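Undergrad: My questions concern the predicted model and sequence given below.
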Amino acid sequence: QVQLVESGGGLVQAGGSLRLSCAASGILLGGYAVGWFRQDPGKEREFVAAINWNGRNTNYRDSVKGRFTISRGNAGNTVYLQMDSLKPEDTAAYFCARGIYSNDLSAAGGNYDYWGQGTQVTVSS
């Protein structure tokens with residue numbers, strides 16, 4: 001079964017931290033770019049961060065730069081999103097997705113082919 005599974009979400013106070021994980025089964029993440037997106041009910045999905053196939057290049061939305069860090073696990077089939085200094089406006093369901101290409105750090109959802117079911121992050125003020 002092909003799937004991406006996110007974990008690590010939860011409820012945290014403003015200023016706190018969470019580490020999200022994206023694990024793949026049935027497909028490879030190694031060799032592909034991976035992105036994180038988020039969506040709050042009633043709002044459009046928005047790009048958060050992306051990492052290329054070897055972890056050497058990353059891309060972040062402006063509002064999370066300096067607070068979030070995307071990285072790849074040593075085994076290659078897990079990607080992480082370390083979220084520090086969380087703000088209430090970071091509250092959303094967070095989704096990971098596998099890029100169609102290895103080096104494309106696009107913010108466009110159409111450039112990703114496999115998506116997880118999401119993990120909820122709630123930041124209280």
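TA: Okay, I see it. Numbering: from 1, shown residues only.
Undergrad: Return the distance of the most centrally placed residue in the chain relative to residue 125.
TA: Among the residues of the chain, the one closest to the centroid is residue 36, at 2.4 Å (C-alpha atoms, centre = their mean). Per C-beta to C-beta, to the nearest Å, residue 36 is found 23 Å from residue 125. All C-beta atoms are positioned from the backbone trio N, CA, C, and that covers glycine.
Undergrad: try residue 8
TA: 21 Å.
Undergrad: Show me which of these two is the more surrounded one.
TA: residue 8 (16 against 9; other C-beta atoms under 10 Å).
Undergrad: and the residue nearest to the more buried one when sequence neighbours are not counted, how many neighbours?
TA: Spatial nearest neighbour of residue 8, excluding adjacent residues (C-beta to C-beta, 6 or more residues apart in numbering): residue 20 at 4.2 Å. The number of residues packed near residue 20 is 23, by other C-beta under 10 Å.
Undergrad: Any buried residues in the helix or strand encompassing residue 20, and which?
TA: Using DSSP states H and E, residue 20 falls within strand 18-25. By 16 or more other C-beta atoms under 10 Å, the buried positions in strand 18-25 come out as 18, 20, 21, 22, 23, 24.
Undergrad: Counting by contacts, list what that strand packs against.
TA: strand 3-7, strand 34-39, strand 78-83, strand 92-99, strand 119-124 (3 or more C-beta pairs under 8 Å, 6 or more residues apart in numbering; DSSP states H and E).
Undergrad: can you redo the ones you listed as JSON lines with mean pLDDT?
TA: Output for those, formatted as JSON lines (pLDDT from 0 to 100):
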{"stretch": "strand 3-7", "mean pLDDT": "95"}
{"stretch": "strand 34-39", "mean pLDDT": "98"}
{"stretch": "strand 78-83", "mean pLDDT": "97"}
{"stretch": "strand 92-99", "mean pLDDT": "97"}
{"stretch": "strand 119-124", "mean pLDDT": "98"}
